[in-house]
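Novice: Everything below, folded, please.
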Amino acid sequence: MQLQRDSNSMYNRSEEESLDIRNFLYRILEYWKLVIAGVLIGLIGAWLYIRYSVPTYKGKTIILLADGEKSAPAMDMLLLSMGYYNPRLKFENEVLILKSVNLAERVLKKVPFEVSLIGEGRVRNVELYGTEKPFEIEYDPAHPQWLGEYEVTILSQNEFRIRIRDAKSAASYLYESDSALSCSSIKELEQIVSFNEWIESECYKFRLIPLKKLTEKANFTFKFQNRKGLANAYAQQVKIEPAAKSSSGINIELTGSSTEKIRDYLNAFVQSYIEFGLELKKSASRATLDFINEQLKGIEDSLIVAENILQTYRSSNLVIDIQSEAGELLSRLTEIDRESSQNQLKLEYIKYLENQLNQRDLKSELVQPTVSGISDPVIINLVTKLNDLISQRARYGSLTADNPVIKELTLQIAQIQQNIRDNISGLRNVLQMEQNTLKRKMQQLEQQLSKVPKSEQDLLRIKRKFELNQTLFTYLMQKRAEVGISAASTQTDVRIVERALVDNIPISPKPGLTYAVGLMLGFIIPVGFVLTVVYFNNKVYSIAEIEKGTSVPIVGIVGHSKRDSNLVVLDYPKSIIAENFRGIRANLEFFKSTNNGVLKVIAVTSSIPGEGKTFVSINLGSVLAMAGKKTILIGADLRKPKIFKDFDLLNEKGLSTYLSGQDSADEIIQHTVYENLDVISGGPIPPNPSELIIRHEFEVLINQLKQQYEYIIIDTVPVLLVSDSIEIARLSDLMIYVIRAGFSPKEVLRSINEKYQSGIFKNLGICVNDFNAKKGGYGYGYGYGYGYGYGYGYGYGYGYGYTDEEEGEDVNVGKKKKK
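Specialist: Below is the predicted model:
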């Protein structure tokens, strides 16, 4: 048995949850028009966005970064182990260069982006570039150009009107020097100008050159751009991504409104990047050539002097050649001189290197050691790496010293500088020792030379000096030729895999996606709003909510009335509302059986004003009267009497005058024009309505009326406002509690249930007024096989209604008394 009860309990809970969900969904469906309107608005908004948005296109070019380093693998491993050489870091550094403002400035010097031209259309404004431009704006780069907006209106094929309307900003730009200026003399302008005619002031100088046939009355605007600001913008817009994993390929992407402009920028971008790399590579060659040329200056002069002295000496002394012994000495001395001069050249290079390394901020690349004859592989590789790092730092021209990349490069440069110092210090000591040895050998040979005849000694010294200078000169000239050939054959480390391609299909707006987003937003926003409204709405809508909140039985359900009169049952007996009240009349038999077969006094109340208790009272009394039951309707709401208005009766006498002893029961009863239906109005509003209701006279009146009428319907005041209804409930056989769907707060259910459980209202039934089957979630039948799944219901006021009768039909009213 316990298992069966648990099973039934679980089933009931499941059924209640199912009903709650269903009611919730029905409540949402009530707002279907709002959802459809939201979807339509979303689609219209998407269409407007597509129509008025400027299309955005995307272009892409692909480059491949080759490893141009020629250093020894062992050296790379050494540097890698020291933590400041990383091939992947080099790749990432190149990406930073591609994103630099410095590179963007170089690109913008190749493309005519400094003047932007906008064509004004009826639907949208579009940027015009390249072949799209109807005219060219030619400007003087040596003259300041105001950076404001110029308006142009085409008047004919020969003339146009130009305007400057907003001359508040004085910002100008000088393109020749790429410098920002201020032109305070700028002022508003409006004049008619011929094409090809220069327009000039202190703040601007330009002219318009037509490129194609012009449309009259066409409007344009153009504006000069700050090249540095433009470079910042493009540096941020360019998108750099790896072309493939573990590859040095790079995708360079750019978006914009002009396909031609995107293509030009990307091609110029790659070209500028290649040129920039070549310039940095050749900078080391230039430094080497400068070093060689500096050495050649002194040697070339010395060689010329030595050659002249030799020729003069031979011609004046008639000495043509040197004897064999002296010739051998000369040959040995010349070899020593050659070795000494080469060592001296190496020492000069070391001195140059030390001076360069001692600079606080080394910016120029260093001369390669091989130029001076140094062949130490460690020094050569260190200088090569140092030049590479200096080159990389130079390419980040737009980055500050505080940038992490610059800090890392500076740290690596300082480390390699110290390593070079350590290595050249040892090399200098070795060279100085070799020089001392050569000097001693030279002194020994010069002693032997003193034994040679005087004329041969002089000739030998002159020829020795000449051959020394000639050897050095030949060596340096050879090195200069090698460096020149190397510079001429310098190749870029960048390969263009794919030149700039721009898809003619815009990436934005995308019609399909835009409509989908519009549809989704148009649906989600109103649905979200409805969900919020429904979720936080504390009103009673459904029968399930009532049954869940209270154990009080339901006496009936009333739909919505659009009629101006409260006398719906009497005036429209064929209406659905009238049928609703017939259902309530039938249900009274059930409540009669639960009250020992007695059901004469029926009180109608509610929680708050506006729930329709008066509407229910009048029509319940009317439907009983139409069934041949002698019925009297009492307006017990002494604070707001109004039943008399519905029946077009007087209110001079009524319940208040009876209870105060002014009139008898017979004097306050008013007969209506409807058979079997009488009314006692509330009467004049008394100062103490609550005290009057609790008087014994009210009970006497009820008992007297029981003898005269089959049914007594009492319209009471709302329960939550005053306690009058509780007193009246004591005298009633049935208390009908009116709940208006969509109006009554859910909290009233708890109040009703408490009063019912405590016995304050013994025989109690709920009448659901203004019930909407769509809001309420489902139709409802109560014991007599009739469903209430139709229309709106209402109770309290006037001017609402629903009927199944034809509009304009002359409906017979309730049966009137014969006169």
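
Novice: my read: residue 667 touches residue 654, true?
Specialist: No - the pair residue 667 and residue 654 does not pass the contact test of CB atoms under 8 Å, sitting 9.8 Å apart. All C-beta spots, glycine's among them, are computed from the backbone N, C-alpha and C.

Novice: Who has more neighbours out of these two?
Specialist: Between residue 667 and residue 654, counting by other CB atoms under 10 Å, residue 654 is the more crowded of the two (30 against 12).

Novice: what's the distance between the more buried one and residue 25?
Specialist: Distance of residue 654 to residue 25, given as CB to CB, to the nearest Å: 48 Å.

Novice: do residue 335 as well
Specialist: Counting by CB to CB, the gap from residue 335 to residue 25 is 108 Å.

Novice: Between the two, which has more neighbouring residues?
Specialist: Neighbour totals were compared for residue 335 and residue 25, and residue 335 leads with 14 against 11 (other CB under 10 Å).

Novice: Show me which positions of stretch 244-262 end up buried.
Specialist: Buried residues in stretch 244-262, counted by 16 or more other CB atoms under 10 Å: 248, 250-262.

Novice: Mind picking the two most distant members of those?
Specialist: 248 and 257 (32.0 Å; CB to CB).

Novice: low-scoring pLDDT stretches of the stretch 51-200 of the chain, where are they?
Specialist: For the stretch 51-200 of the chain, the stretches with pLDDT under 70 are 67-91.

Novice: Quick one: mean pLDDT for the one helix or strand residue 294 maps to?
Specialist: Using DSSP states H and E, residue 294 falls within helix 259-317. Averaging the model's pLDDT scores along helix 259-317 yields 74.

Novice: Following element in sequence after that helix, please.
Specialist: Remark: after helix 259-317, the chain's next helix or strand is helix 324-357, criterion DSSP H and E.

Novice: For that following helix, buried residues please.
Specialist: For helix 324-357, by 16+ other CB under 10 Å, it's 326, 329-330, 332-334, 336-343, 345-347, 349-350, 352-353, 356-357.

Novice: how far is stretch 221-238 from where the chain is centred?
Specialist: With CA atoms, centre = their mean, to the nearest Å as the basis, stretch 221-238 stands 22 Å off its chain's centre.

Novice: For that stretch, buried residues please.
Specialist: 222, 223, 224, 225, 226, 227, 228, 230, 231, 234, 235, 238.

Novice: And the second one, how far from residue 116?
Specialist: Just to be clear, that refers to residue 223. From residue 223 to residue 116 the distance is 5 Å (CB to CB).

Novice: how far does stretch 707-724 stretch from start to finish?
Specialist: With CA to CA, to the nearest Å as the measure, stretch 707-724 spans 24 Å from end to end.

Novice: starting at the chain centroid, how far to that stretch?
Specialist: Counting by CA atoms, centre = their mean, stretch 707-724 is centred 63 Å from the centre of its parent chain.

Novice: ok, now stretch 251-262?
Specialist: So, by CA atoms, centre = their mean, the centroid of stretch 251-262 is 21 Å from its chain's centroid.

Novice: please renumber so the chain begins at 394
Specialist: Will do, 394 is the new start, and the previous item becomes stretch 644-655.

Novice: what about residue 661, how many neighbours?
Specialist: 18.

Novice: Once you drop chain neighbours, what's closest to it?
Specialist: Excluding the flanking residues, the one nearest residue 661 by CB to CB, 6 or more residues apart in numbering is residue 503, at 4.2 Å.

Novice: OK, contacts around that neighbour?
Specialist: 661, 664, 665 (CB atoms under 8 Å, 6 or more residues apart in numbering).

Novice: Just give me the closest of those to residue 1020.
Specialist: The nearest member of the contacts of residue 503 to residue 1020, counting by CB to CB, is residue 661 at 96.8 Å.

Novice: you'd agree the closest one is up against residue 497?
Specialist: No - Residue 661 is not in contact with residue 497 according to CB under 8 Å; the separation is 10.3 Å.

Novice: Buried residues in the host helix or strand of residue 778, which are they?
Specialist: Per DSSP H and E: residue 778 is located in helix 770-788. Going by neighbour count (16+ other CB under 10 Å), the buried part of helix 770-788 is 771-788.

Novice: repeat for stretch 488-497
Specialist: 489, 490, 491, 492, 493, 494, 495, 496, 497.

Novice: can you count the residues close to the closest residue in space to residue 911 that isn't next to it in sequence?
Specialist: Using CB to CB, 6+ apart and skipping the chain neighbours, the partner closest in space to residue 911 is residue 439 (3.0 Å). Number of residues near residue 439 (other CB under 10 Å) recorded here: 21.

Novice: so what's residue 439 up against?
Specialist: By CB under 8 Å, 6+ apart, the neighbours of residue 439 are 907, 908, 910, 911, 912.

Novice: let's go with 7 Å and repeat that
Specialist: Taking CB atoms under 7 Å, 6 or more residues apart in numbering, we find residue 439 in contact with 907, 908, 910, 911.

Novice: From residue 424, how far out is residue 418?
Specialist: 12 Å.

Novice: quick one: the strands in the stretch 444-593 of the chain?
Specialist: With DSSP state E, counting those that start in this stretch, the ranges of strands along the stretch 444-593 of the chain come out as 450-458, 508-513, 518-521, 528-532, 538-539, 542-547, 552-557, 564-567, 572-575, 582-587, 592-594.

Novice: most neighbours per residue, which of these?
Specialist: Compared across those, strand 538-539 shows the largest average neighbour count, a mean of 26 (mean count of other CB atoms under 10 Å).

Novice: who does residue 1133 bridge with?
Specialist: Residues in a beta bridge with residue 1133, per DSSP bridges, are residue 1162.

Novice: what's around it, how many residues?
Specialist: By other CB under 10 Å, 28 other residues sit near residue 1133.

Novice: Find me the pLDDT at it, would you?
Specialist: Residue 1133 is given a pLDDT of 93.

Novice: now it: how far from residue 1144?
Specialist: Per CB to CB, residue 1133 is found 15 Å from residue 1144.

Novice: now residue 496
Specialist: Separation of residue 496 from residue 1144 (CB to CB): 78 Å.

Novice: Equivalent analysis for residue 608, please.
Specialist: For residue 608, the distance to residue 1144 - CB to CB - is 77 Å.

Novice: Show me where the stretch 894-1043 of the chain dips below the pLDDT cut-off.
Specialist: Judged by pLDDT under 70, no stretch of the stretch 894-1043 of the chain qualifies at all.

Novice: all strands for it, in order.
Specialist: Ranges of strands within the stretch 894-1043 of the chain are 947-950, 994-999, 1024-1028, based on DSSP E, counting those that start in this stretch.

Novice: how about those strands in a markdown table, adding mean neighbour count and distance to residue 900?
Specialist: Output for these, formatted as a markdown table (neighbours: other CB atoms under 10 Å; distance: least, CB to CB, whole Å):
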| stretch | mean neighbour count | distance to residue 900 |
| --- | --- | --- |
| strand 947-950 | 26 | 58 |
| strand 994-999 | 27 | 63 |
| strand 1024-1028 | 26 | 74 |
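
Novice: Which one of these lies nearest to residue 1006?
Specialist: Between the strands of the stretch 894-1043 of the chain, strand 994-999 lies closest to residue 1006; by CB to CB that is 4.3 Å.

Novice: List the strands paired with that closest one, with their directions.
Specialist: Neighbouring strands of strand 994-999 in its sheet, by DSSP bridges, are strand 1104-1108 (parallel), strand 1127-1133 (parallel).

Novice: Make TSV out of the ones you listed and add distance to residue 1140.
Specialist: Formatted as TSV, the strands paired with strand 994-999 follow (distance: least, CB to CB, whole Å):
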stretch	distance to residue 1140
strand 1104-1108	23
strand 1127-1133	12
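
Novice: Which stretch among those strands is buried most, on average?
Specialist: strand 1127-1133 (a mean of 28).

Novice: Which residues are in contact with residue 521?
Specialist: Contact analysis of residue 521 by CB under 7 Å, 6+ apart lists 510, 512.

Novice: what bridges to it?
Specialist: Beta-bridge partners of residue 521, as defined by DSSP bridges: residue 510.

Novice: do you know how far it is from residue 532?
Specialist: 17 Å.

Novice: With residue 430 instead?
Specialist: Taking CB to CB, one finds residue 430 at 53 Å from residue 532.
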